[in-house]
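1. Here you go, sequence then predicted model.
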Amino acid sequence: QFILENFLPGEDPKNLTDETELKESGILDSLSTLKLVTYLEQAFGVELEASDLGAANLATITSIERLVTSKKAAQS
């Protein structure tokens, strides 16, 4: 929802799947990536390190979910 509202306003939600390539498709650039990271940290109570922000971790919604889930598990 955050990606649709902030980076794809007016886009049909069906066009954004869990496997849509966010950087390769141009949805995320460096500025929008920083905005997304800030949102993830605040919304999910995680702290993302620079090493977490590689292309593989932010490539798709699925990979972002995996990253956040692993960070939350590490906090427990």
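-> In hand now; what should we look at? Numbers count the residues shown, from 1 in each chain.
2. for the residue nearest to Y39 when sequence neighbours are not counted, what are its contacts?
-> With CB to CB, 6 or more residues apart in numbering as the criterion, Y39 has its nearest non-adjacent residue at 5.5 Å, and that residue is F2. Using the backbone N, CA and C atoms, a C-beta is placed for each residue, glycine as well. Shown in contact with F2 (CB atoms under 8 Å, 6 or more residues apart in numbering): L36, Y39, A43.
3. Show the buried residues in the residues you listed.
-> Among the contacts of F2, those scoring as buried are L36 (criterion: 16 or more other CB atoms under 10 Å).
4. Please name the nearest non-neighbouring residue to the residue at minimal distance from the centre of the chain.
-> Residue closest to the average C-alpha location in the chain (CA atoms, centre = their mean): I64, at 4.8 Å. Setting aside the residues directly before and after it, I64 is nearest to L58 in space (CB to CB, 6+ apart), at 6.0 Å.
5. and the one you found, how many residues sit next to it?
-> L58 is flanked by 20 other residues according to other CB atoms under 10 Å.
6. Can you check the pLDDT for it?
-> Note for L58: predicted pLDDT of 95.
7. try G54
-> The confidence metric pLDDT takes the value 89 at G54.
8. where do the helices sit along the protein?
-> 2-7, 30-44, 61-75 (DSSP state H).
9. quick one, which of these is nearest to D52?
-> Closest approach to D52 among the helices of the chain (CB to CB): helix 61-75, 6.1 Å.
10. Check which helices and strands the closest one sits against.
-> helix 30-44 (3 or more CB pairs under 8 Å, 6 or more residues apart in numbering; DSSP states H and E).
11. Go ahead and confirm the residue nearest to I64 touches L36.
-> Yes: with contacts counted by CB atoms under 8 Å, L58 reaches L36, the gap being 7.3 Å.
12. where do the contact lists of these two overlap?
-> L28, I64.
13. circling back to that earlier point, who are the contact partners of the residue nearest to the centre of the chain?
-> I64 is in contact with L36, L40, N57, L58, counting by CB under 8 Å, 6+ apart.
14. before we move on, the earlier item: nearest to L22, out of the contacts of F2: which one, please.
-> Nearest to L22 out of the contacts of F2 is L36 (CB to CB; 8.5 Å).
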